[in-house]
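Colleague: give me a model of this one.
(2 chains)
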Amino acid sequence: MKCTEEQIFDALASFLVQEGTGGGAAIVVAPDTDIIGQGLVDSLGIFKLIEFVEETFAVTIEPDEVLLENFQTLRALRNLIVTKLGGTGQRLAAR
Amino acid sequence: MSTVPESCDVVVIGGGPAGSLAATYLTAKGYSVALFERQKHPRYQVGESLLPDVWKYCDAAGVTDAIAGEGFIRKAGGSVDWNGEMRRLSFSDFGYTRPALHVERDRFDHILLERARTSGAWVGEEIAVLDADFSRAEEDESEVSVRYRPVGDDTASRIRCRYVVDASGQNGVLGRQLGLRVFDEAFRFMSVWGYFDDSKYLGADGVIYPARSVREVPPTTYVSALPQGDGWAWLWHIILRQTTSIGLVIPIAWAQETKGSAESWEAWYLRQCQAIPLLQRLLADATFREGSVRLVRNYSYKSKRVAGPGFFLLGDAAGFVDPIFSVGVVFSMYSAYAAAHTIDRCLRRRARRDHHRSIFSSQIQARLELSRSLALPYYQEKDAGHAQARQAMAFSSMQAQALMYAASMLTDRSGNFDSMADSPEAHRAATERVRALEIPRK
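Modeller: Residues are numbered from 1 along each chain as shown, chains lettered A, B, ... in the order given. I've put the predicted structure just below:
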């Protein structure tokens, strides 16, 4: 699947807005929002998020990759996906 | 009861919270489920203190209205007397907007089991599952055969399914069959508990209230270190609608040393209850329920594996630790959700089922290690589970971390928390929110 980093981010963000613990409440997810610490993804949400990433981008998240450094922000998760897709683009520099 | 089906997608062993919710979540995803419960509900179960986290699992199972409508006791938080310091925490101070509960587990568990039934699961009570044959599990036409026997019957029968969910609690039907259970040497504890009617209780303000006020003034769960226990032994006091559950968690060695050979466990238990001044005051006008004392030895265990070809272990069947932080029911519900999610993925993408199962296993084991590491009564050399526990901690929200830290602080276990988290924010939040209480004088 070819997709730009922006498309990856948008897909993740809209998934979180729909499925996250926010439960439809108006939440705004920026690339560096701490989605774990703020509770947008809880212990249930992590299962749904892994499924979404694997099904949407046709990648595999190994159990030992379920680390805070890969899931704390959508920037980190996007970078993980980009790496798995074979580096379709350059990693976004931190703003 | 209708006839046991010959086959289904998933067999669930056990009708406690883990089994009932797993059945409910799976039927909601369109799978056929047969749940076997050895006893007849409502049936007795200890473990009456529930954290506010149970609500999200009730929401997902569509059972929130039924639970809320039952009118269980809503509790404000915990009052903890530990080595001379009396402190309390309130869930609302940590941003929890839904109540924690004190529930009669016979009633609570029955509501969840009825939910499984109305969701479309086939539910059979008074049927014991004996074992399962996994020799053809996860072959192309995945098939597991489960042997069961109605209580009081001589003949066993079989049901075919694609997955088995073991939610059989401490019995651990599959854990025993497959040799998965490992008793935890770090917790050489036992528990002895019983029931008193008309016990007074502690409100969140540290004042002692009579049992009849429990609807007007929400109670706290009262937890106290036991004087001779070196901070390892503790008691719970959980007021319910008609009675109060009071239990002791103690090192086995200490119980053996202090119990006379001619003394019954009931006499020993009542003697310990009298030895704690504050508890004695709460029990001043209370009546002990004759014959209510129960005990469990071999207190704590985990499982070498929590999933394998054709099976998943949930709740107490997967692992159990010192219940000091009341996480047991929440863990059961969490593992039910995780198993239903994983089974769904395994059945939809069979080629990837090893992978889906490995995610389940690592998440469940990490969560168990976190519970275990938090509850450890004294400092342990970092063991194999420590890294997993750290990871589970890292994936907890700041709100959850602050609550965990506060609970750890109250019970002199903050060292456990510190070994797993680099979280000054949780420290600060917890320290601000834990309140000192004076031990009530009257």
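
Colleague: residue contacts, B:Arg74?
Modeller: B:Arg74 is in contact with B:Pro99, B:Ala100, B:Leu101, B:Pro218, counting by Cβ atoms under 8 Å, 6 or more residues apart in numbering or on different chains. In this view, the C-beta of every residue, glycine as well, is placed from N, C-alpha and C.

Colleague: one more pass at 7 Å, please.
Modeller: Listed by Cβ atoms under 7 Å, 6 or more residues apart in numbering or on different chains, the contact partners of B:Arg74 are B:Pro99, B:Leu101, B:Pro218.

Colleague: name the element it belongs to?
Modeller: Using DSSP states H and E, B:Arg74 sits within strand B:73-75.

Colleague: can you name the residue of the stretch 101-250 of chain B nearest to chain A?
Modeller: B:Val165 (15.7 Å; Cβ to the nearest Cβ).

Colleague: quick one: contacts of whichever strand or helix holds that residue?
Modeller: Assessed by DSSP H and E, B:Val165 sits inside strand B:163-166. Outside strand B:163-166, the residues within contact range by Cβ under 7 Å, 6+ apart are B:10-13, B:19, B:22, B:132, B:144, B:146, B:173-174, B:310-314, B:317, B:339, B:343.

Colleague: how about a cut-off of 6 Å?
Modeller: Applying Cβ atoms under 6 Å, 6 or more residues apart in numbering or on different chains, the contact partners of strand B:163-166 are B:10-13, B:22, B:132, B:144, B:146, B:173-174, B:310-313, B:317, B:339, B:343.

Colleague: which of these count as buried?
Modeller: B:10-13, B:22, B:132, B:144, B:146, B:173-174, B:310-313, B:317, B:339, B:343 (16 or more other Cβ atoms under 10 Å in any protein chain shown).

Colleague: from those, which land in strands?
Modeller: Secondary structure from DSSP state E places B:Val10, B:Val11, B:Val12, B:Ile13, B:Ala132, B:Val144, B:Val146, B:Phe311, B:Phe312, B:Leu313 of the buried ones among the contacts of strand B:163-166 in strands.

Colleague: distance to B:Leu347 and pLDDT added to those residues, as a markdown table?
Modeller: Supplementary listing: those in a markdown table, determined by distance: Cβ to Cβ, whole Å; pLDDT from 0 to 100:
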| residue | distance to B:Leu347 | pLDDT |
| --- | --- | --- |
| B:Val10 | 9 | 98 |
| B:Val11 | 14 | 98 |
| B:Val12 | 15 | 98 |
| B:Ile13 | 19 | 98 |
| B:Ala132 | 17 | 98 |
| B:Val144 | 13 | 96 |
| B:Val146 | 17 | 98 |
| B:Phe311 | 14 | 97 |
| B:Phe312 | 13 | 98 |
| B:Leu313 | 18 | 98 |
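
Colleague: around chain A, which positions in the stretch 301-442 of chain B sit nearby?
Modeller: The stretch 301-442 of chain B comes close to chain A at residues B:Tyr334, B:Tyr337, B:His341, B:Ser358, B:Ile359, B:Ser362, B:Ala394, B:Phe395, B:Ser397, B:Met398, B:Gln399, as judged by Cβ under 6 Å from any Cβ of the partner chain.

Colleague: most surrounded residue in those residues?
Modeller: B:Tyr334 (26 neighbours; other Cβ atoms under 10 Å in any protein chain shown).

Colleague: element containing it?
Modeller: Going by DSSP H and E, B:Tyr334 is part of helix B:328-348.

Colleague: now that helix - C-alpha only, PDB.
Modeller: C-alpha atoms of helix B:328-348 as PDB (Å, rounded to 0.1, in the frame of the first residue of the first chain):
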ATOM      1  CA  GLY B 328      -9.100  -9.100  40.300                       C
ATOM      2  CA  VAL B 329     -12.500  -8.500  38.700                       C
ATOM      3  CA  VAL B 330     -11.200  -5.700  36.500                       C
ATOM      4  CA  PHE B 331      -8.400  -8.100  35.300                       C
ATOM      5  CA  SER B 332     -11.000 -10.800  34.600                       C
ATOM      6  CA  MET B 333     -13.100  -8.400  32.500                       C
ATOM      7  CA  TYR B 334     -10.100  -7.100  30.700                       C
ATOM      8  CA  SER B 335      -8.900 -10.600  29.800                       C
ATOM      9  CA  ALA B 336     -12.400 -11.400  28.600                       C
ATOM     10  CA  TYR B 337     -12.400  -8.500  26.200                       C
ATOM     11  CA  ALA B 338      -8.800  -9.300  25.000                       C
ATOM     12  CA  ALA B 339      -9.800 -12.900  24.400                       C
ATOM     13  CA  ALA B 340     -12.900 -12.100  22.500                       C
ATOM     14  CA  HIS B 341     -11.000  -9.600  20.300                       C
ATOM     15  CA  THR B 342      -8.200 -12.100  19.700                       C
ATOM     16  CA  ILE B 343     -10.500 -15.100  18.900                       C
ATOM     17  CA  ASP B 344     -12.400 -12.900  16.400                       C
ATOM     18  CA  ARG B 345      -9.100 -12.000  14.700                       C
ATOM     19  CA  CYS B 346      -8.000 -15.700  14.800                       C
ATOM     20  CA  LEU B 347     -11.200 -16.800  13.100                       C
ATOM     21  CA  ARG B 348     -11.200 -14.100  10.500                       C
END
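
Colleague: ok, the residue lying closest to B:Cys161 once chain neighbours are set aside - contacts?
Modeller: Nearest residue to B:Cys161, sequence neighbours excluded (Cβ to Cβ, 6 or more residues apart in numbering or on different chains): B:Val11, at 4.4 Å. Listed by Cβ under 6 Å, 6+ apart, the contact partners of B:Val11 are B:Ala34, B:Val146, B:Cys161, B:Val164.

Colleague: enumerate the positions of the helix holding B:Tyr334 that are buried.
Modeller: Residues B:328-347 are the ones in helix B:328-348 that count as buried (16+ other Cβ under 10 Å).

Colleague: do you know how far B:Ile208 is from B:Ser79?
Modeller: Using Cβ to Cβ, to the nearest Å, B:Ile208 is found at 10 Å from B:Ser79.

Colleague: comparing the two, which residue is more hemmed in?
Modeller: Neighbours per residue (other Cβ under 10 Å) separate B:Ile208 from B:Ser79, with B:Ser79 holding more: 28 against 17.

Colleague: going along the chain, name the helices of the stretch 251-400 of chain B.
Modeller: For the stretch 251-400 of chain B, the helices defined by DSSP state H, counting those that start in this stretch occupy B:252-258, B:265-274, B:277-282, B:315-318, B:328-348, B:353-375, B:386-394, B:398-410.

Colleague: and of those helices, who's closest to B:Gly30?
Modeller: helix B:328-348 (8.8 Å; Cβ to Cβ).

Colleague: now do the helices in the stretch 51-200 of chain B.
Modeller: B:54-61, B:64-70, B:105-118, B:173-178.

Colleague: send me stretch A:33-52 as CSV with only the CA atoms.
Modeller: Output of stretch A:33-52 as CSV, limited to C-alpha atoms (Å, rounded to 0.1, in the frame of the first residue of the first chain):
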residue,chain,number,x,y,z
THR,A,33,-0.3,14.3,21.7
ASP,A,34,0.5,11.7,24.4
ILE,A,35,-2.3,9.3,23.5
ILE,A,36,-1.3,6.9,26.2
GLY,A,37,-0.8,9.2,29.2
GLN,A,38,-4.0,11.1,28.4
GLY,A,39,-5.9,7.9,28.3
LEU,A,40,-7.0,8.2,24.6
VAL,A,41,-5.8,4.7,24.1
ASP,A,42,-6.3,2.4,27.2
SER,A,43,-5.6,-1.3,27.7
LEU,A,44,-8.6,-2.2,25.5
GLY,A,45,-7.9,0.5,22.9
ILE,A,46,-4.4,-0.9,22.3
PHE,A,47,-5.9,-4.1,20.9
LYS,A,48,-8.1,-2.2,18.6
LEU,A,49,-5.3,0.2,17.5
ILE,A,50,-3.0,-2.7,16.7
GLU,A,51,-5.7,-4.4,14.7
PHE,A,52,-6.4,-1.1,12.8
